[in-house]
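> Sequence and computational prediction follow.
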Amino acid sequence: MEIKNHTKLNNFGRVTSVKDGVLELTGLSDVQVMEKIYCKERESYALVLNLLEDSVGAVALGEESKILENDEFVSTGEILSMPVNDEIIGRVVNPLGEPLDGRALSTDNVKTMPVERKAYGVFDRKPVDTPLKTGLLAVDAMVPIGRGQRQLIIGDRGTGKTSVAVSAIINQKNEEKPVICIYCAIGQKDSTVKNIIEVLKENGCMSYTIIVDASASAPASLQYIAPYSAAAIAEYFLQQGKDVLVVYDDLTKHAYAYRHISLILRRPPGREAYPGDIFYLHSRLLERSCKLNEKNGGGSITAFPIIETQFGDVSAYIPTNVISITDGQLYLDKDMFNLGFRPSVDPANSVSRVGGAAQTKELKKASGKLRLTLTQFKELEAFTQFGGEDLDEATKEKINRGKVIMELLKQPQYSVMTEKEQLEVIEKMYE
């Protein structure tokens, strides 16, 4: 007897195990990676990450405790995407685009941007040629950053990494046409994110800033997709030919969240228990930052990934990975920070590989000797610790000038300078 109108069973699946928000399902043989699947009974979505011969691995999007063994999930055919429109500016959203600030988001002219997408190719881009001013003299003079660059901010815990990034966001209000800024909090304390939002509001920055928040209390799945969601929002404005700055704070916690998910999915662990594709995790994210040519709208995405080191060890696994992906790094030194030099940018270990081309002529000319003077000063200062009584006058002059420059490079937290003010301070250094 022939059975007609049979249901396509390959679009259904049942949960066989739930471990800390990571689901294993049988069935669902017709799904693809990064597809959303839906459980009607629990009104919950999950995201497919693993496709095995006889099972599917997925992570719960949102409240994970609701999902139980034997729950039925159905394929939606939708790849995970972010709903974006111009109204998202000034808002606080989670990585799924849901508002967290208590106000509804407008649904007019919404464009769904894929959370994961291929980066623009070589022939769609152009070299970095416009400066992205941070308002911090130590950065703009010695480690200049251009629009479309990927500049890593790296340092130990409590060295002012977030402050440098937030200062750059605050400084954009001094621009004639402010760069749209996206602050993506990954695994940060809720109190920390709240403080940053208050600082941005006090400085009148929310008119061009978006906060994507996957705090420490959010599930690992949301912490994992948060930076990709921030990149998707950035690409929405990039397609309009606008300049965007994205701060990923921080990618160390992002790597932790991905390791957590991968180990429960039983992916083979490698060095420091990270899965084999940990490099690709960050390279595919940061490659989406670019400066497009005029044919493609001429917009840019500048990325400030933040990495936390342990005891100043930049040779650890995640720091070396991200250093090799980015176009330079701002290294924040713990000792300088403790001595009161803030921002604690170490000129000897900080570098910008492409930003020099974007620096304005006036600032380039004025700050030409600055980096060399400071590097020499740091070497001489270390040498004088063993007794510097019998130094010649030229060496003493170099040390004294170095001390003056270090004092003039100090800036209070969240205070920024215009380029004119920076040039005046540099003049004082060589009087």
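It's in.
> would you list every one of the strands in the stretch 251-400 of the chain?
Secondary structure of the stretch 251-400 of the chain, counting by DSSP state E, counting those that start in this stretch: strands at 300-309, 328-332, 351-352.
> out of the ones you listed, nearest to residue 320?
Comparing the strands of the stretch 251-400 of the chain against residue 320 with C-beta to C-beta, the closest turns out to be strand 300-309 (9.9 Å). C-beta coordinates here come from the backbone N, C-alpha and C atoms, glycine included.
> Against residue 285, how distant is residue 185?
Taken as C-beta to C-beta, to the nearest Å, the spacing of residue 185 relative to residue 285 amounts to 15 Å.
> Serialize the strands of the stretch 251-400 of the chain to TSV and add fields for distance to residue 416, mean neighbour count and mean pLDDT.
What follows is the strands of the stretch 251-400 of the chain, written out as TSV (distance: least, C-beta to C-beta, whole Å; neighbours: other C-beta atoms under 10 Å; pLDDT from 0 to 100):
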stretch	distance to residue 416	mean neighbour count	mean pLDDT
strand 300-309	15	26	97
strand 328-332	15	25	96
strand 351-352	18	21	92
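> residues touching the residue nearest to the spatial centre of the chain, list them.
Nearest to the centroid of the C-alpha atoms of the chain, with distances taken as C-alpha atoms, centre = their mean, sits residue 248, at 1.7 Å. Neighbouring residues of residue 248 by C-beta atoms under 8 Å, 6 or more residues apart in numbering: 184, 186, 227, 230, 254, 285, 303, 304, 305, 306.
> swap the cut-off to 7 Å and go again
Taking C-beta atoms under 7 Å, 6 or more residues apart in numbering, we find residue 248 in contact with 184, 186, 227, 230, 303, 304, 305, 306.
> Of those, which is the nearest to residue 155?
When the contacts of residue 248 are compared for distance to residue 155 (C-beta to C-beta), residue 306 wins out at 8.7 Å.
> right, and residue 289 touches residue 304 too?
No. With contact defined as C-beta atoms under 7 Å, residue 289 does not count as touching residue 304 (9.5 Å).
> burial of the closest residue to residue 403 other than its chain neighbours, as a residue count?
Spatially, and ignoring its direct neighbours in sequence, residue 403 is nearest to residue 377 (7.6 Å; C-beta to C-beta, 6 or more residues apart in numbering). Number of residues near residue 377 (other C-beta atoms under 10 Å) recorded here: 20.
> Quick check: residue 377 touching residue 407?
No. Applying C-beta under 7 Å as the test, residue 377 and residue 407 come out as separate, 11.8 Å apart.
> now what about stretch 375-384, what contacts it?
Contact with stretch 375-384 is made by 347, 348, 391, 395, 398, 399, 402, as judged by C-beta under 7 Å, 6+ apart.
> Next, the contact list for the third one, please.
Residues counted as contacts of residue 391 (C-beta under 7 Å, 6+ apart) are residue 384.
> Determine the number of other residues adjacent to the closest residue to residue 100 other than its chain neighbours.
When the adjacent residues along the chain are set aside, residue 100 lies closest to residue 92, with 4.7 Å between them (C-beta to C-beta, 6+ apart). The number of residues packed near residue 92 is 21, by other C-beta under 10 Å.
> if I pick residue 106, what's in contact with it?
Taking C-beta under 7 Å, 6+ apart as the criterion, residue 106 is in contact with 85, 87.
> same thing but 10 Å
Counting by C-beta atoms under 10 Å, 6 or more residues apart in numbering, residue 106 makes contact with 85, 86, 87, 88, 91.
> List only buried entries from these.
88, 91 (16 or more other C-beta atoms under 10 Å).
> Arrange the contacts of residue 106 in CSV, one row each, with secondary structure and distance to residue 20 as further columns.
As requested, the contacts of residue 106 are arranged in CSV below (DSSP: H, G, I helix; E, B strand; the rest coil; distance: C-beta to C-beta, whole Å):
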residue, secondary structure, distance to residue 20
85, coil, 34
86, helix, 37
87, helix, 35
88, helix, 31
91, coil, 30
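> Dump the contacts of residue 106 to TSV, plus distance to residue 61 and pLDDT.
Written out in TSV, the entries for the contacts of residue 106 read as follows (distance: C-beta to C-beta, whole Å; pLDDT from 0 to 100):
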residue	distance to residue 61	pLDDT
85	21	94
86	25	94
87	23	93
88	19	95
91	20	95
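> just to revisit the earlier point, and the contacts of residue 248, which is closest to residue 159?
Among those, residue 306 lies closest to residue 159 (C-beta to C-beta), at 10.7 Å.
> mind listing the helices for the protein?
All helices of the chain, identified by DSSP state H, fall at 137-142, 161-171, 190-202, 220-238, 251-264, 278-286, 317-325, 334-338, 361-366, 370-384, 393-409, 419-429.
> So which of the ones you listed is nearest residue 214?
Shortest separation from residue 214 across the helices of the chain is recorded for helix 220-238, at 3.8 Å, computed as C-beta to C-beta.
> which one of the contacts of residue 248 is nearest residue 275?
Nearest to residue 275 among those is residue 227, at 16.9 Å by C-beta to C-beta.
> In space, what's closest to the closest one - neighbours in sequence excluded?
For residue 227, the closest residue by C-beta to C-beta, 6+ apart turns out to be residue 248, at 4.9 Å.
> Name whatever forms a beta bridge with the one you found.
Using DSSP bridges, the beta-bridge partners of residue 248 come out as residue 184, residue 305.
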